[in-house]
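Colleague: got a predicted model here, sequence first, then my questions.
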Number of protein chains: 2
Amino acid sequence: MALEHAILVSLLEKPGSGYELARRFERSIGYFWTATHQQIYRVLGRMEGAGLLHVREVPQRGRPDKKEYAVAARGRAALTAWLHEPIEPESVRHELAVKIRGAAFDDPAALISEVERHRKAHDDRLGRYLTGELRDFTGPEAPRPLDAGGELQHAVLRGGIAYERMTIAWLDDVLDTLHRLRTATPRT
Amino acid sequence: MALEHAILVSLLEKPGSGYELARRFERSIGYFWTATHQQIYRVLGRMEGAGLLHVREVPQRGRPDKKEYAVAARGRAALTAWLHEPIEPESVRHELAVKIRGAAFDDPAALISEVERHRKAHDDRLGRYLTGELRDFTGPEAPRPLDAGGELQHAVLRGGIAYERMTIAWLDDVLDTLHRLRTATPRT
DNA sequence: TAGCACATGTAAGGGGTTACATGATTGC
DNA sequence: GCAATCATGTAACCCCTTACATGTGCTA
């Protein structure tokens, strides 16, 4: 159900089309939730049917027409209700960790390049987050003082930054372990 | 598909029944993957049908009989093949972050108790991880030197510990932000 | 003329959650 | 007598991923 709520939050921050939402989910919303355009279109249709959203057809020149969605009163009420319900603390799902533990039954050294690839992907993502932080929150172009929405967006982004830094440090630790296993304990 | 691989890793570490697997997924495997018993039984049935696992009926006194699963040659081959395939670096899914950003459209202060509850849940989990680390890897009872499997399990656990510590620090940051918003920028 | 950005969808299949269902033994 | 632990499952439903499908206009 969280995709619905993420869409409500994003459309409250700024109305937009399914296509635009898909791009936001690749960027800022992506700090905490991901979704593909296929999923988004389906859920938008369902939410409109349930009266949570308004649609407005926007004709465009030189581009296909788009449907601009905005949150209806009922959608806002649904979000408020959800905000007041407790949710369960989530646990992680980390496929790479399954591989790391599985490496004991194969060649641990063979995992090194895969872990390095992941490390690089997280490092790139960290770079994008830091650039965004400077642009939107801490740089000279950023609005000051920030309103409540901005403060909360920044707090969530700081979470994304902390997550990427932690992950990079952990992957360095894993690489260290894999290198030590290669030199110290050759497999039988 | 990762549940299958997590089950293969766990059964290679030690064969066991669906029930036992479900308990491991609440504990050690839970550092990086979760699954309920319903899911596990369904997947075990499918994997046995595909010849990835052997089953052995174990009669027990005073307890229901159990089916003990072990990895078959074909299962081991499937794991090896998967270990050599690259996987996509994952992104986070964090429902609480959706709520934090959504709080801008409600009362941010109303989220404080929810965030505190999550902080406590992560703190408890950190405590369990640290206890487990002492018992299995760093305490006087731990086998020394560790074999490759032990080193890799420990590396994954260190990742779980780092994740919980990072999350707790971030939630403290969020709580700070929510308190500041309460005193500094009352909503209109 | 090839590729990218814009724009919206359908269909199939597998993954995951929640609710329902049963039944024995052990400990309080 | 009641709750917890051990033990295994089915059914319904929604979520998510992957592949397929279409079409315009701009730019290199």
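Modeller: Happy to help now that I have it.
Colleague: what is the helix-or-strand element of chain A with minimal mean pLDDT packed up against?
Modeller: Lowest mean confidence among the helices and strands of chain A (mean pLDDT, DSSP states H and E): strand A:53-58, at a mean of 91. Judged by 3 or more Cβ pairs under 8 Å, 6 or more residues apart in numbering or on different chains; DSSP states H and E, strand A:53-58 is in contact with helix A:37-49, strand A:66-71. For every residue, glycine as well, the C-beta is placed using N, CA and C.
Colleague: highest mean neighbour count out of the ones you listed?
Modeller: Among the helices and strands packed on strand A:53-58, strand A:66-71 has the highest mean neighbour count (mean count of other Cβ atoms under 10 Å in any protein chain shown), at a mean of 18.
Colleague: kindly export that strand (C-alpha atoms) in CSV.
Modeller: This file holds the C-alpha atoms of strand A:66-71, laid out as CSV (Å, rounded to 0.1, in the frame of the first residue of the first chain):
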residue,chain,number,x,y,z
LYS,A,66,-0.7,14.3,-20.7
LYS,A,67,-3.0,13.7,-17.8
GLU,A,68,-2.1,15.8,-14.9
TYR,A,69,-3.1,14.3,-11.5
ALA,A,70,-3.7,16.2,-8.3
VAL,A,71,-4.8,15.0,-4.9
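Colleague: next secondary structure after that strand?
Modeller: Of the helices and strands lying after strand A:66-71 in sequence (DSSP states H and E), the nearest is helix A:73-84.
Colleague: quick one: the helices in chain A?
Modeller: A:2-13, A:18-26, A:37-49, A:73-84, A:95-102, A:112-133, A:148-184 (DSSP state H).
Colleague: which among those is found nearest to B:His84?
Modeller: The closest of these to B:His84 is helix A:112-133. By Cβ to Cβ, the value is 8.8 Å.
Colleague: list the buried ones in the closest one?
Modeller: A:112, A:114-115, A:118-119, A:121-122, A:125-126, A:129, A:132-133 (16 or more other Cβ atoms under 10 Å in any protein chain shown).
Colleague: now, which of these sits nearest chain B?
Modeller: A:Ala121 (3.9 Å; Cβ to the nearest Cβ).
Colleague: is it true that the closest one touches B:Pro89?
Modeller: Yes - using Cβ atoms under 8 Å, A:Ala121 makes contact with B:Pro89 at a distance of 3.9 Å.
Colleague: kindly report the residues of chain A close to DNA strand D.
Modeller: A:1-4, A:34-36, A:38-39, A:62-64 (Cβ under 7 Å from any atom of the strand).
Colleague: switch the cut-off to 10 Å
Modeller: Listed as neighbours of DNA strand D in chain A under the rule Cβ under 10 Å from any atom of the strand: A:1-6, A:19, A:25, A:33-43, A:46, A:60-65.
Colleague: low pLDDT regions in chain A?
Modeller: Where chain A drops to pLDDT under 70, the residues are A:61, A:184-188.
Colleague: show me which residues of it sit near DNA strand C.
Modeller: Residues of chain A lying close to DNA strand C (Cβ under 10 Å from any atom of the strand) are A:1, A:16-23, A:36-42, A:44-45, A:48, A:55, A:57-58, A:60-69, A:87-88, A:90-91, A:93, A:95.
Colleague: could you redo the last one with a cut-off of 6 Å?
Modeller: Residues of chain A lying near DNA strand C by Cβ under 6 Å from any atom of the strand: A:17-19, A:37-38, A:41-42, A:60, A:63-64, A:66-67.
Colleague: which of these lies closest to A:Ala81?
Modeller: Nearest member of the residues of chain A next to DNA strand C to A:Ala81, counting by Cβ to Cβ, is A:Arg42, at 22.4 Å.
Colleague: not counting its neighbours along the chain, what's nearest the residue most central in space within chain A?
Modeller: Nearest residue to the geometric centre of chain A (Cα atoms, centre = their mean): A:Gly30, 2.2 Å. Distances taken as Cβ to Cβ, 6 or more residues apart in numbering or on different chains place B:Ser91 nearest to A:Gly30, at 6.1 Å, with adjacent residues excluded.
Colleague: give me the phi and psi for that neighbour.
Modeller: Taking degrees, to the nearest 10, you get phi -110, psi 160 for the backbone angles of B:Ser91.
Colleague: count the residues that sit near it.
Modeller: Burial of B:Ser91 is recorded as 17 neighbouring residues (other Cβ atoms under 10 Å in any protein chain shown).
Colleague: test my guess that it contacts A:Ile29.
Modeller: No - using Cβ under 8 Å, B:Ser91 makes no contact with A:Ile29, being 10.5 Å away.
Colleague: residues contacting A:Glu141?
Modeller: A:Arg135 (Cβ atoms under 8 Å, 6 or more residues apart in numbering or on different chains).
Colleague: please apply the same query to the one 5 residues further on.
Modeller: Contact analysis of A:Leu146 by Cβ under 8 Å, 6+ apart lists A:137, A:154.
Colleague: separation between it and A:Leu8?
Modeller: According to Cβ to Cβ, to the nearest Å, A:Leu146 and A:Leu8 sit 22 Å apart.
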